[in-house]
Each structure stands twice: as structure tokens, then as C-alpha cells.
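S.K.: the sequence isn't on hand, but the structure is:
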């Protein structure tokens, strides 16, 4: 294929069409006329030999090829934007740059304030987007990391990708402050008998300490499953349930008095929070600066 013969503006049109699944909405998104975008769609259909969008009732659906192209298009556009945004030198004091990091609510709650402070001190023009991490993003991490600057994620989920260890946390048990059956300690028998609040209870999304507990012969009795660590206190309040939580977060959430933090009756594997990125950013000056700032965040949290 001769890239010189292609109109790269079609990549922008393709991305909008696949995201919006509507010529009208895509035209509005791009501030173009509907006839102009319809012409682009026709050219794209000829190029791929595929309809890309097919009408089903009053809506349009993506063809199988279009579904495959949607993610590839996002990755390609991100790469083009990074190429043309590159400057010969990077000065954080005057840089006008946006970084995107995917993180859980735990990572945001523990590191967010420190990260905002570090960036604000040194780089007032830098913008930071903190998006919620999803199971799909982790499962396809190598592809995901082509479109964002990093994943904030503990060890145990990713392999064979560059990373920077930030800080170490430990797992603790949490119960309601007025839990009727728990005093100052928990036993393994308690963990086997009590009802549980579990986080991310899926094959590829899980709390490592809960998986470790199963290996020790205790199968938590899941009564509530939440996709958020910050939601745990709300479903523990006034109940006899128990949950696992990272100590840094649990201590923050227990300051209001509604939560009690207890040591686990087993030795949980430590949680090592890390920043993960794609190898193509290894020597990128802007990304190297970001990693240095993230290392400072980790040092502040670990103090």
C-alpha cells in the first residue's frame, strides 16, 4: 500500500463515524457538513470494500470489519497525534501537554492529590486525564498502552511490559465500626463464617488477597460484589460483613469513624503499585519526565 496516495483526513472521519455510528452525529463532532462526511464515508467504503455502517431499523450498526477497525483507528490516530505534537525539547515549565493515565479509584484516591501537587509545582501548563481502568483495558494492555500514557496498576496482572514501582501497600480487613460479632482481632474461622463484600470478583479482575485466601482453604461467602474500592464502606455500614482493602485507602476512609481496620489473620502478599507503559515510550523525553514525577509521588506516599 502506498501511504502517499492516502488522504489521512479519512482517518479522522473514520474514527468519528465508528464512534458515533451516525453520519449526522459524526459530522457535528467534526464540525463538518453532512454531505462532506457522507462523501468521506463513500470513499472509505470503496477503499475497504465494505459498508462499515449498515442500517438496522432506525439506527446504524458496525459491520464486523468496522468493529475490528474501531480500536485500530483509535490507536493509529493517537500515534499520529503524538508524532505531530512532538517538540525538539521538553520544558515542563512552559509545556502545553496532556497526559492520560488509567487508574482504579484506589489509585486515584491514594496518589491523586500527590500527583496533582507534583505536576502543579513544576508544570502549570500540563493537563492530566485520569480515566477509570476497565477489565478490558487490562486484558488488552499492550494495545491499550498505545493510546494512553500509562496504567496505574499493582503487580500480578501484567507481564512483559515496562513499569516503575511506586510504593508498597498491604491488605487489611475492614468491618463496620459497630460490627456485632468482631472485637479487636479476626481469625481464619471468622473469615470463613462471615458474609463478604468482594471487589472485582471475576476471572481476570480480582483482589489478590482474596485469591490468596482461597488458596489457604477459605472460600469467602460473597454477599455483595462491587466494582469500586470506594464503595466498600457504604455496603459494610451497619452490617456484619467483612471485606479486604488496601491499608493506605482504608486508613483514609476510617477517619470518619464508620469503619474499623484490622490486621488479616494470614500474611497477605504485599501490594506493589506500579506505573506501566508501552515500550515505545521508553526514550520519550516527555514520558521520561512523567515517570520521574510519578516516582516522586511514590516517594511521598511511602514516607
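M.R.: Yep, it's here. Not measured: the values here are computed from a predicted model.

S.K.: can you show me the strands along the protein?
M.R.: 53-56, 59-62, 98-103, 127-132, 150-154, 163-169, 171-176, 195-199, 221-226, 242-246, 259-262, 271-276 (DSSP state E).

S.K.: between the ones you listed, which one is closest to residue 286.
M.R.: strand 98-103 (8.1 Å; CB to CB). No exception for glycine: its C-beta is placed from N, CA and C like everyone else's.

S.K.: bridge partners for residue 127, pull those for me.
M.R.: Applying DSSP bridges to residue 127 yields these beta-bridge partners: residue 98.

S.K.: residues contacting it?
M.R.: 97-99 (CB atoms under 8 Å, 6 or more residues apart in numbering).

S.K.: let me know which of the strands of the chain is tucked in deepest.
M.R.: strand 242-246 (a mean of 25; mean count of other CB atoms under 10 Å).

S.K.: list the neighbouring strands of that strand plus their orientation.
M.R.: strand 171-176 (antiparallel), strand 195-199 (parallel).

S.K.: what mean pLDDT does that strand have?
M.R.: Averaging pLDDT along strand 242-246 gives 96.

S.K.: check the offset of it from the chain's centre.
M.R.: 20 Å (CA atoms, centre = their mean, to the nearest Å).

S.K.: picking that back up, just the closest of the contacts of residue 127 to residue 23, please.
M.R.: Checking the contacts of residue 127 against residue 23 by CB to CB gives residue 98 as the nearest, at 28.7 Å.

S.K.: the bottom helix or strand of the protein by mean pLDDT?
M.R.: Across the helices and strands of the chain, mean pLDDT, DSSP states H and E gives its lowest value to helix 64-85, namely a mean of 78.

S.K.: and the most centrally placed residue in the chain, what is it in contact with?
M.R.: Centroid-nearest residue in the chain, with CA atoms, centre = their mean: residue 133, separated by 2.0 Å. Residues near residue 133 by CB under 8 Å, 6+ apart: 102-104, 107, 151-153.

S.K.: what's the separation between the closest residue to residue 154 other than its chain neighbours and residue 163?
M.R.: Spatial nearest neighbour of residue 154, excluding adjacent residues (CB to CB, 6 or more residues apart in numbering): residue 271 at 4.9 Å. Distance, residue 271 to residue 163, using CB to CB, to the nearest Å: 14 Å.

S.K.: so which residues of the stretch 151-300 of the chain form helices?
M.R.: 188-193, 208-215, 232-236, 247-253, 285-302 (DSSP state H, counting those that start in this stretch).

S.K.: which stretches of the stretch 51-200 of the chain have low pLDDT?
M.R.: 83, 85-89 (pLDDT under 70).

S.K.: follow-up on the earlier one: the least confident helix or strand of the chain to helix 285-302, inter-axis angle?
M.R.: 90 degrees (axes from the mean of the first three to the mean of the last three CA atoms, to 10 degrees).
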